[in-house]
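Undergrad: Here's my sequence, what's the structure:
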Amino acid sequence: MNLLELERQFSTQRKCEEFLQRKRWPGGVTCPKCWTNIPHWIATRRIWQCRACGYQFSVTTGTIFHRSRTPLRKR
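TA: Here you go, the predicted structure:
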């Protein structure tokens with residue numbers, strides 16, 4: 001992959017999040033606290049909430065990107 005292809009693949013914050021989601025949860029989004037796979041997407045906050053335990057999490061929860069305010073494109 002060259003730089004132009006890389007820029008195209010990760011051109012938006014959403015594309016970066018989608019890539020991380022596919023890599024982190026290839027079988028579907030799973031709660032990092034109770035490991036169930038029944039989350040509810042809260043679009044206004046761009047996070048999931050587990051329907052089983054109520055834990056709220058994002059694609060970066062528990063990763064090196066956790067709690068960073070810097071957009072994924074700038075990391």
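Undergrad: So for stretch 64-75, mean pLDDT?
TA: If you average the pLDDT over stretch 64-75, you get 75.
Undergrad: got the CA coordinates for that stretch in CSV?
TA: The C-alpha coordinates for stretch 64-75 follow below in CSV (Å, rounded to 0.1, in the frame of the first residue of the first chain):
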residue,chain,number,x,y,z
ILE,A,64,-3.7,2.7,23.4
PHE,A,65,-6.1,5.3,21.9
HIS,A,66,-8.4,5.2,25.0
ARG,A,67,-9.4,8.6,26.5
SER,A,68,-7.4,10.5,23.8
ARG,A,69,-9.1,13.6,22.5
THR,A,70,-6.9,13.5,19.4
PRO,A,71,-8.8,12.3,16.3
LEU,A,72,-7.7,8.9,14.9
ARG,A,73,-6.5,10.6,11.7
LYS,A,74,-3.9,12.6,13.6
ARG,A,75,-2.4,9.8,15.7
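Undergrad: From the chain's centroid, how far away is that stretch?
TA: With CA atoms, centre = their mean, to the nearest Å as the basis, stretch 64-75 stands 11 Å off its chain's centre.
Undergrad: Ok, stretch 29-44 next?
TA: Averaged C-alpha coordinates place stretch 29-44 at 11 Å from its chain's average position (CA atoms, centre = their mean).
Undergrad: Quick check: end-to-end length of it?
TA: By CA to CA, to the nearest Å, the extent of stretch 29-44 from end to end equals 18 Å.
Undergrad: Low-confidence regions, the protein specifically.
TA: Applying pLDDT under 70 to the chain flags residues 73-75.
Undergrad: what residue is smack in the middle of it?
TA: V59 (2.1 Å; CA atoms, centre = their mean).
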